[in-house]
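>>> This is a predicted model, with the sequence first.
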Amino acid sequence: MDKDLSAGTGTGTGTGGRGDGDRGGDSRGDGDGGGEGRGDKGRESRWEKDTMTVEIAFALVTGAVLAVLVFAATAALSDARTGAIAGALAGVWRVVRVLRRFDRGRGLGR
């Protein structure tokens, strides 16, 4: 037990270090860091998955910002209940719009 496990033994056991099993990507495949050997059968590259993650985060953040703005404006003009409903609808509309536009762009090869 005198060995330092943080130096990376190359065993890939996950006990620390940068062994074979601790690369962050798959050691097989086309070199894009995708996980062809991890169950996705090569459908999407790592880059495409990262792009989807960013687009989902963008949709959620902009939807939340829009919901807050619509809530504040509507609540100032009428009551809080109407503002909450309008804000929720605007936020959901924004999320759906962004994700549908992204999906259409993927279908066109962008």
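Perfect, I can see it now.

>>> May I ask which helix or strand encompasses V92?
helix 80-107 (DSSP states H and E).

>>> Any buried residues in that helix, and which?
Neighbour-count burial for helix 80-107, counted by 16 or more other CB atoms under 10 Å, picks out G83, A86, G87, A90, G91, R94, V95, V98, L99, F102. C-betas here are computed from N, CA, C, even on glycine.

>>> Spit out the contact partners of the closest residue to the third one other than its chain neighbours.
Closest residue to G87 apart from its sequence neighbours, by CB to CB, 6 or more residues apart in numbering: F71 at 3.2 Å. By CB atoms under 8 Å, 6 or more residues apart in numbering, the contact list for F71 reads G83, A84, A86, G87.

>>> For the last one, give its distance to L60.
When you say that, I think you mean G87. G87 is 14 Å from L60, where distance means CB to CB, to the nearest Å.

>>> Repeat that for the first one.
Applying CB to CB, one obtains 20 Å for the distance of G83 from L60.

>>> same deal with the second one?
From A84 over to L60 the distance is 18 Å, taken as CB to CB.

>>> Average pLDDT for the top helix by length along the chain, rounded please.
When the chain is parsed with DSSP state H, its longest helix is helix 46-77. Confidence over helix 46-77 (mean pLDDT, whole number) is 95.

>>> Out of the buried residues of helix 80-107, the closest to L108 would be?
Of all the buried residues of helix 80-107, F102 has the smallest distance to L108: 10.9 Å, by CB to CB.
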